[in-house]
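Trainee: would you be able to build a 3D model of this:
(chains A and B)
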Amino acid sequence: MDTYYKSKRTGDLIRYSLSYVVLIICAGIFIFPFLWMLSTAFKIPSEAYTLPPKLFPKTFTLDNFIEGWKYADFTRYTLNTLTVTLLATLGTVLSASFVAYGFARFKSRYNNLLFTAVLATLMLPSQVTLVPTYLLFTKMGWLDTLKPLIVPSFFGGGAFNIFLLRQFFRSIPKDLDEAAYIDGANAFQIYYKILLPAIKPALITVALMSITFHWNDYMSPLIYLNSDQNFTLAIGLQFFQNSFGSSQIQMLMAVSLITVIPVLILFFVGQRHFVQGITMTGIKG
Amino acid sequence: MKARKNSIAKREERHFFFFISPWLLGFLIFTLYPMIFSVILVFTNMDMTGTGKFIGFANIIRAFVQDPLFYKSLLNTLYFVLVSVPVSLILAFLIALLLNQKIRGVGFFRTSFYIPYITSGVAVTLLWGWIFNAQYGLINYFLSLFGISGPSWLSDTKWAMPAIIIMGVWTIGNSIIITLAGLQDIPEQLYESAEIDGANGLVKVMRITLPLVTPTLYFNLIMGIIGGFQIFMQPYILTEGGPSYATYTYMMHIYNNGFKYSEMGYASTLAWLLFIVIMIITQIVNRTSKYWVYYDN
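Mentor: Model (predicted):
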């Protein structure tokens, strides 16, 4: 019996160390591109192209950040991206929670039917509605403005988020609403003062996912924006690469790094919520 | 009493419609109306300015008979989906398995795998362009350490699509986290009783972990297929569909026809054909699910 436990323990130890080594190697592969981006951003041009590549540049320089930023109107692109990201996220959180509250709390003959419609839109690939939506925005004179990137978020906030928040609302006992109702609160006050604070973690999750989505979004800005002063970072970066990229890799990496950093900071701050939100959406549906 | 009950029901209904009204409006304006419009567009040669006339089935015939890029882009996209989806699924499962152990620094590892997913925008795509650079890129340098002279990835018709796939697989962080959540739902007692019966690690994985995590794998599979068919940004930025259309994806074909050549009617036709392809494939997967997806009830 003793030897059985002993061999089991050694087996565990071997397995443990082995998975540790494999994990370190895998994580290294996933992280390494970023480290390379980081180091290239601080290199002088001659060093950026040397082989073998060095992870620590011999001469550190900040020129790439300063020069690269000046090559195009990146400050402007950043402001545009911020505008889109913040307003669209506000719209997403507000309207998705508003709608989810309706689906979660009120009886109607049409509740199930319409909620099925919400879920069905999850399945529909976006390209089917792409062209008519473009024509619609053109007709409204919204082409080459930030409106097409912002306004739709205020109309429901996306099927996925409605679905997620409805689940959260339903996990809160309805007695809470009824007590408040007896105390004289109306439906909107119950939503705003009682239920929204109660699902704060879920709202943060939705906000974080919305921020990363809009910050990284490429397709919509590509379709709707065409003049330089309206570009978002995604489009600006691509133009920057087309004009200078292949010969100025250290600058391209510096500017790219600046645009990635906000998302990274956000991730580290909200890490727990991120993971929680993703797992909730994936499985517990 | 009955009247009172009625008025409560009516109030509930009013409240219901009041709160869902943003979605309802959005659904009508941004989903239902575009869908109907999109069906009509299939039978027209409308351009970007919104002018055009009915041309019957000409767009559909054009896709199947006159447009070699329809088949080319569809096959390229299928190639991408058929390779990247299974590879991502298996890799995500294996990494999630490793992360599901009681290991120090698990938060650090989880973060490492998740970061590529949340940063996967243009900046990171440009980074990959550099990684795949034939002369100065990381991958070919790494290969040269083993005496292998790497291909000129993005400008070689054989290697361009594998390059896009490698980059796609690199962003599996989301599937890893979802799979991990599935793994953590498996009751510990199952493993304990299996251990008493003398099951080893591999048997436990094959007989307990794998079957019980199949609903999660199924979810990842369906999401992977739907997302995979819409691959656009990476090839558009890295290769513009080249070399000689080796990475020209279906979504790029829709984009080019609609927004470069101003053929809105044809672009809508292509979009609906893609929708049909995705529906058929997900339905096939759905039908097979009863043979391999394990459900509690």
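Trainee: what's near enough to touch residue B:240?
Mentor: If you count contacts by C-beta atoms under 8 Å, 6 or more residues apart in numbering or on different chains, residue B:240 has none. To be clear about C-beta, it is placed using only N, CA and C from the backbone, and glycine gets the same treatment.
Trainee: find the nearest non-adjacent residue to residue 69, please.
Mentor: Reading this off chain A. Distances taken as C-beta to C-beta, 6 or more residues apart in numbering or on different chains put residue A:255 closest to residue A:69, at 6.4 Å, once the chain neighbours are dropped.
Trainee: that was the other one, I meant chain B.
Mentor: residue B:253 (5.8 Å).
Trainee: give me the neighbour count for the one you found.
Mentor: 25 (other C-beta atoms under 10 Å in any protein chain shown).
Trainee: for it, phi and psi?
Mentor: phi -60, psi -40 (degrees, to the nearest 10).
Trainee: who touches it in this structure?
Mentor: B:69-70, B:73, B:270.
Trainee: by neighbours, which of these wins?
Mentor: Neighbour-wise, those (other C-beta under 10 Å) top out at residue B:270, 31 neighbours.
Trainee: show me what counts as buried in the helix or strand harbouring that one.
Mentor: Per DSSP states H and E: residue B:270 is located in helix B:264-292. Neighbour counts over helix B:264-292 (16 or more other C-beta atoms under 10 Å in any protein chain shown) mark B:264-275, B:277-278, B:281-282, B:289 as buried.
Trainee: can you tell me the closest non-neighbouring residue to residue B:42?
Mentor: Leaving aside its chain neighbours, residue B:42 sits nearest to residue B:269 (4.7 Å; criterion: C-beta to C-beta, 6+ apart).
Trainee: so for that neighbour, what's the pLDDT?
Mentor: Per-residue pLDDT puts residue B:269 at 96.
Trainee: how about it, what does it touch?
Mentor: Residue B:269 neighbours (C-beta under 8 Å, 6+ apart): B:41-42, B:59-60, B:62-63.
Trainee: redo that, cut-off 10 Å
Mentor: For residue B:269, the contacting residues are A:131, B:38-39, B:41-44, B:57-63, B:67, B:70, B:254, B:257, B:263, by C-beta atoms under 10 Å, 6 or more residues apart in numbering or on different chains.
Trainee: ok, residue B:136 next?
Mentor: Taking C-beta under 10 Å, 6+ apart, we find residue B:136 in contact with A:40, A:48-51, A:53, A:249, B:130.
Trainee: do the same with residue B:23
Mentor: Neighbours of residue B:23 in contact, by C-beta under 10 Å, 6+ apart: A:95-96, A:98-100, A:102-103, A:114-115, A:117-118, A:121, A:155-159, A:162, B:31.
Trainee: for residue B:289, same thing?
Mentor: Per C-beta under 10 Å, 6+ apart, neighbours of residue B:289: B:214-215, B:218, B:221-222, B:295.
Trainee: among those, which are in helices?
Mentor: B:214-215, B:218, B:221-222 (DSSP state H).
Trainee: low-confidence ranges, chain A, go.
Mentor: Within chain A, the stretches with pLDDT under 70 are A:1-8, A:245-246, A:277-285.
Trainee: specify the local secondary structure of the closest residue to residue B:100 other than its chain neighbours.
Mentor: Excluding the flanking residues, the one nearest residue B:100 by C-beta to C-beta, 6+ apart is residue B:183, at 4.5 Å. What DSSP: H, G, I helix; E, B strand; the rest coil gives for residue B:183 is helix.
Trainee: got a list of what residue B:183 touches?
Mentor: Residue B:183 neighbours (C-beta under 10 Å, 6+ apart): B:93, B:96-97, B:99-100, B:209, B:212-213, B:216.
Trainee: gap between the residue nearest to residue A:239 when sequence neighbours are not counted and chain B?
Mentor: Nearest non-adjacent residue to residue A:239, counting by C-beta to C-beta, 6+ apart: residue A:72, 6.7 Å away. Remark: distance between residue A:72 and chain B (C-beta to the nearest C-beta, to the nearest Å) = 13 Å.
Trainee: what count of nearby residues applies to residue A:72?
Mentor: By the measure other C-beta under 10 Å, the count of residues near residue A:72 is 18.
Trainee: that one reaches residue A:237, doesn't it?
Mentor: Yes - between residue A:72 and residue A:237 a contact is recorded at 8.8 Å, counting by C-beta atoms under 10 Å.
Trainee: any common contacting residues for these two?
Mentor: Shared contacts of residue A:72 and residue A:237, counting by C-beta under 10 Å, 6+ apart, come down to A:231, A:255.
Trainee: and the residue of the stretch 1-150 of chain A nearest chain B?
Mentor: Nearest residue of the stretch 1-150 of chain A to chain B (C-beta to the nearest C-beta) works out as residue A:102 at 2.7 Å.
Trainee: so that residue is in which element?
Mentor: helix A:74-105.
Trainee: next SSE after that helix?
Mentor: Taking DSSP H and E, what comes next after helix A:74-105 is helix A:111-123.
Trainee: what's the helix or strand just after that next one packed up against?
Mentor: Per DSSP H and E, helix A:111-123 leads on to helix A:127-139 as the next helix or strand towards the C-terminus. Judged by 3 or more C-beta pairs under 10 Å, 6 or more residues apart in numbering or on different chains; DSSP states H and E, helix A:127-139 is in contact with helix A:147-150, helix A:219-224, helix B:33-42, helix B:250-255, helix B:264-292.
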